[in-house]
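[1] Here is my input, please return the structure:
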Amino acid sequence: MKKIPSFTVDHIRLLRGIYVSRKDTVGNEIVTTFDIRMKEPNREPCLSPSAIHTMEHLAATFLRNHPVWADKIIYWGPMGCLTGNYLVVKGDLESKDILPLMQETFRFIAGYEGDVPGASAKDCGNYLLMNLPMARWEAAKYLHEVLENITEAQLQYPE
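    Purely as a prediction, here's the structure:
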């Protein structure tokens, strides 16, 4: 059986950060998948389902309406392990290329007030699973502790 590339990453040494998870060719385009790692795997509590679900709605809305990046955004969604999110973007990109975008995204989430976009029974399959205060807190924590002080070790998967 073929091994899944994301299952070969050393999660024991993985830090919070932004990583290129994979690059795929689709037609004539390169598509880059980023690992937006918010928690150190197996070393700190994961994100709560209600917080990461809220962050998914907010980040997807922000990214798909971004004045520069909107046409390049393919997907934003949570990892099953609840330690971060995947961002899929058109283009042959590196982690540093999206750092300013991730800073903007998490600043948006950290400061968001009001109704969460798409958080209604008509628009979402589990609209009650939302926690805006916790999503804001987790976004601010990641922004201030990681994105505003990121190091090279947080931009490249551990070897």
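
[2] Name the SS class of the residue most central in space within the chain, please.
    For the chain, the residue nearest the mean C-alpha position is Asn85 (3.4 Å; CA atoms, centre = their mean). Of the three states, Asn85 takes strand under DSSP: H, G, I helix; E, B strand; the rest coil.

[3] nearest residue to it other than its sequence neighbours?
    Closest residue to Asn85 apart from its sequence neighbours, by CB to CB, 6 or more residues apart in numbering: Ile36 at 4.5 Å. (Each C-beta comes from the backbone N, C-alpha and C, glycine too.)

[4] So the one you found belongs to a strand, correct?
    Yes - judged by three-state DSSP, Ile36 forms part of a strand.

[5] residue contacts, it?
    Ile18, Gly84, Asn85, Tyr86, Leu87, Met102 (CB atoms under 8 Å, 6 or more residues apart in numbering).

[6] Pick out the most distant pair among these.
    Pairwise distances across these peak at 12.6 Å for Tyr86 and Met102 (criterion: CB to CB).

[7] These two: which has the busier surroundings?
    Neighbours per residue, other CB atoms under 10 Å: of Tyr86 and Met102, the larger number sits with Met102, 23 against 16.

[8] Let me know whether that one touches Gly17 as I believe.
    No - Met102 lies out of contact with Gly17 (CB atoms under 8 Å); the separation is 10.0 Å.

[9] list residues touching both of these two?
    Residues touching both Met102 and Gly17 (CB under 8 Å, 6+ apart): none.
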